[in-house]
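Peer 1: model this:
(2 chains)
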Protein chains: 2
Amino acid sequence: MPSATYRSLLHTAVFKDNSPFSLHLAMFIPAILGQADEEQRKYWMKRASKMEIIGTYAQTELGHGTFIRGLETTATYDPKTEEFILHSPTLTAYKWWPGSLAHTANYCVVMAHLYINGKSCGVQPFIVQLRDEETHQPLPGIKLGEIGAKLGFNTVNNGFLGFDQHRIPRNRMLMKNAQVLKDGTFKRSPNSKLTYGTMVYVRVVIVNGMANQLARAVTIAVRYSAVRRQSELKPDAGEPQILDYVTQQHKLFIGIASSHAFSLTAKWLTRMYQKVTADLEKGNLDELPELHAIACCLKAVTTTDTSVLVERSRMSCGGHGYMLSSNLPQIYGLVTAACTYEGENTVLMLQTARSLVKAWEQAQSGKRLSPTMSYLSEKVTSRQKWDNCVDGIVNGFRQVAYGKVESAVKSIRKYVRRGLGPEDAWNMSSVQLVAASEAHCRAFLLSTYKSEVDRTAGSLSQPLKKALNYLVELYAIYWALEKVGDLLL
Amino acid sequence: MPSATYRSLLHTAVFKDNSPFSLHLAMFIPAILGQADEEQRKYWMKRASKMEIIGTYAQTELGHGTFIRGLETTATYDPKTEEFILHSPTLTAYKWWPGSLAHTANYCVVMAHLYINGKSCGVQPFIVQLRDEETHQPLPGIKLGEIGAKLGFNTVNNGFLGFDQHRIPRNRMLMKNAQVLKDGTFKRSPNSKLTYGTMVYVRVVIVNGMANQLARAVTIAVRYSAVRRQSELKPDAGEPQILDYVTQQHKLFIGIASSHAFSLTAKWLTRMYQKVTADLEKGNLDELPELHAIACCLKAVTTTDTSVLVERSRMSCGGHGYMLSSNLPQIYGLVTAACTYEGENTVLMLQTARSLVKAWEQAQSGKRLSPTMSYLSEKVTSRQKWDNCVDGIVNGFRQVAYGKVESAVKSIRKYVRRGLGPEDAWNMSSVQLVAASEAHCRAFLLSTYKSEVDRTAGSLSQPLKKALNYLVELYAIYWALEKVGDLLL
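Peer 2: Here you go, the predicted structure:
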């Protein structure tokens, strides 16, 4: 593994687009580690860690991404031969998107709908050999290809995968959680929430990735702005560095502050993830819903903000930012994809909103709330006096979030009173629910950024501490001005 | 010409990216028509209109885009041979960006700094043969190449062009405006503002282009949302069209309204352009500054909004929008480029701001203002009562613009009182100035959209009229909510 990780890091340092081997490390190996039983894990990790086999992970299909229950690929157990028969019954059942599937991978973890004796046993993971290890030709019953050119990730050979009654041995189902015995007996997973961990982990990684990609983009743009000279601020005074234009500073400095805010928030989130994972191993699931809720909105808000700020950095370089030689278009290609993969952003915002509505109702009935939502139980009786400092802005944002959750809940109740079912009332209120989720996330980002800088500032030099405090202040004031309407309402 | 135009339109209908011949029609021919004298025009148009020669237009250099006076390419007149010597004295003097320059064009209109007897005579246009008409090889003293891959326009072969003491005959300077006689006498252009017309025209074309590109993007996304089904709104009710999700409607319908608003505004702007051009021919320049001011901010705001809305359309298609087969990434590549070319957006916003500040000062001294700015002379004594209809929102936006212009002017004056020079005070206030310019443009877009729909609605069927009025209302309410903070302040 270290050698493979090293190779991947080296790639990132040298090349501008992603590595076709990154899915092997980021998805294939974690899937084996997380979902294979002891014997399977030993067998497959021995080969995968040395990269004797190259794997990827296939879940999304042409017809289904968000709605996992809708996946159409079937794995039908045949107890006579002790095999699973993998099949793609329709065109929309084709696996679609897995990176490295089109050219690079010869193995794959495939998520498929398991059927035993005509009975559905849910979506389960299977490890499948796709290509001959010598000739690299697809095995019989396996159809593979490229999905075509994309906005980014063009080095990753995203592919499609269809099965035509393809048989694999019983032990190719990864059986750490659910199991199928030889006779076809299905043993359900003891706790379906245990697989949440990996999903949350990927979102933690994404928040950190956004901090890094944004740092790359804004560094390129700031350096360019220091080198590029254009026009005249004063007649005959020569052409200034474009960084001297206040509009240019206004475009770029918030990018620096945001990158720093996301980086510290990712560290906070990693610590929470580690704590929750340790609790999970002891059978304690108490904090999992809170982790899930905050990771969902953080993934959505940081990918959205990063996309906007990377584009702003790119455009601040004028035409030169439009050339691939600036690397800025490629960075945008990478970060905007993160708005869609691993949970589409609007879907994730509504996941957090569901937790917020639940917390709101718990607070109304006097229950204690988890720390990231505890402000929802502090009833805002009247508009508090505005306190013009970072902590005051944090308080302001919490009041905004409180107000938006309240108004979303009221909207749902209004529609229910008018006779709509709870699902339709939810849908009719979904724009407000997303807004509530965003407000919650902004309050969290801002307070975490402030408290993490305060917490770690002790060990820093005075000049560095001062610079970091400027960034925190800039971040708070920037967002207070962006959301001034919410703060005033 | 008709055949060339037809060919270009055909290209746009069939291909996803731009034509390498578009610069011939959009820049080379208009430059000849606008800047060649009678004899030159006849000679060159005969060849250009039949596409016997393929031309492009080279102004921007590696080192200079916005600041035209900073262009470094020189054209030195040699009266002994009656030739101009074109030269690129530095690397940054290389022409950079002209479409079709790298592979397609064999002629080019080149903007170069004219020197006669060591004296600068400003930047002038020259028509230059780049390549042998038979072999297509660059002529001696001419260095040509590709600038490399870009975010979009990759079919357009944007190129670079350097000159090494390259000589061209005297009659290759386009002499409709300024002239150089055989003996080297320089005759200045009678009115330098006459060349403004073409620049404004291109911006009118851009506003219309944004309406069309946005229509393409949002049509793709709405159709996809009608075909794509995902998740469940209600348990076991089957997967709904994703257009049934209110969040999806919220993302897309504003794109339809904006496209329509931009289209009608472009028509209004075209009529104003035609009137001003007719006036110009009679020597009347009165309305040119107003046309310039409104065209600048409209180009900037419509390209910015279109970029945001095209990306929103793309992302509303999930992963499928990320594939080039959706055509959405290419549309984004085309529209985001328009934020930079033909006047970088921040630069243009500050151009409009300059007119607004001037108008503000004229209003203070009791002068009558041009129609698009007349609201600045209607002193807002106190916050008017909110009128919750489209006209009320238009009034609200005018009050916002009034307030933002006022506060920008106050900011400039404050810095001047503190001892800053006018240019530094302007720079320090530039973020507010851009905001004033945007507010002015939003008020204008909204009022024009409303009045143009009202003006043309008479001839429409009732159902169509109703649908269009919904769009106007949506556009007004959307922006009122986006800018609620400004409206409340």
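
Peer 1: what's the neighbour count on residue A:151?
Peer 2: For residue A:151, the neighbour count with other Cβ atoms under 10 Å in any protein chain shown is 24. Where you see a C-beta, it was placed from the backbone N, CA and C, and this is true even at glycine.

Peer 1: same thing with the one 3 residues further on?
Peer 2: Residues within reach of residue A:154, counting by other Cβ under 10 Å, total 15.

Peer 1: and for residue A:17, nearest residue in space, chain neighbours not counted?
Peer 2: Spatial nearest neighbour of residue A:17, chain neighbours left out: residue A:155 (4.1 Å); criterion: Cβ to Cβ, 6 or more residues apart in numbering or on different chains.

Peer 1: check the secondary structure at the one you found for me.
Peer 2: Look at residue A:155: counting by DSSP: H, G, I helix; E, B strand; the rest coil, its state is coil.

Peer 1: close enough to count as contact, it and residue A:18?
Peer 2: Yes. With contact defined as Cβ atoms under 8 Å, residue A:155 and residue A:18 form a contacting pair (6.0 Å).

Peer 1: more crowded one of those two?
Peer 2: Set residue A:155 next to residue A:18 and count neighbours by other Cβ under 10 Å: residue A:18 wins out with 23 against 16.

Peer 1: how close does the more buried one get to residue A:213?
Peer 2: Distance, residue A:18 to residue A:213, by Cβ to Cβ, to the nearest Å: 11 Å.

Peer 1: swap in residue A:134?
Peer 2: 39 Å.

Peer 1: do the same with residue A:62
Peer 2: Taken as Cβ to Cβ, the span from residue A:62 to residue A:213 is 28 Å.

Peer 1: okay, now the unreliable bits of the stretch 151-300 of chain A?
Peer 2: A:191-196 (pLDDT under 70).

Peer 1: quick one: name the residues of it near chain B.
Peer 2: Residues of the stretch 151-300 of chain A lying close to chain B by Cβ under 8 Å from any Cβ of the partner chain are A:151-152, A:230-235, A:239, A:244-247, A:250-251.

Peer 1: can we see that at 7 Å?
Peer 2: A:151, A:230, A:231, A:233, A:234, A:239, A:245, A:246, A:247, A:250 (Cβ under 7 Å from any Cβ of the partner chain).

Peer 1: which of the three states applies to the fifth one?
Peer 2: By that I understand residue A:234. Assignment for residue A:234 (three-state DSSP): coil.

Peer 1: count of residues packed around the residue nearest to residue A:232 when sequence neighbours are not counted?
Peer 2: Distances taken as Cβ to Cβ, 6+ apart put residue A:239 closest to residue A:232, at 6.2 Å, once the chain neighbours are dropped. Residues near residue A:239, counting by other Cβ under 10 Å, number 17.

Peer 1: with residue A:169 instead?
Peer 2: Using other Cβ under 10 Å, residue A:169 is surrounded by 10 other residues.

Peer 1: who touches the residue nearest to residue A:232 in this structure?
Peer 2: A:229, A:230, A:231, A:232, B:67, B:70 (Cβ atoms under 7 Å, 6 or more residues apart in numbering or on different chains).

Peer 1: out of the residues you listed, give me the two with the largest separation.
Peer 2: Across these, no pair lies farther apart than A:229 and A:232, at 9.8 Å, counting by Cβ to Cβ.

Peer 1: comparing these two, which residue is more hemmed in?
Peer 2: Shown here are residue A:229 and residue A:232; by other Cβ under 10 Å, residue A:229 has more neighbours (19 against 15).

Peer 1: kindly state the beta-bridge partners for that one.
Peer 2: Following DSSP bridges, residue A:229 is listed with bridge partners residue A:241.

Peer 1: who's in contact with it?
Peer 2: Residues near residue A:229 by Cβ under 7 Å, 6+ apart: A:239, A:240, A:241, A:242.

Peer 1: considering these, which possesses the most neighbours?
Peer 2: residue A:242 (21 neighbours).

Peer 1: that one touches residue A:231, doesn't it?
Peer 2: No. The pair residue A:242 / residue A:231 is not scored as a contact, 8.3 Å apart, by Cβ atoms under 7 Å.

Peer 1: pLDDT wise, what is the closest residue to chain B within chain A at?
Peer 2: Per Cβ to the nearest Cβ, residue A:485 is where chain A lies closest to chain B, at 3.0 Å. With respect to pLDDT, residue A:485 has a value of 89.

Peer 1: which residue ranges make up each domain of chain A?
Peer 2: In terms of domains, chain A is parsed into A:2-190, A:195-347 (source: automatic domain parsing).
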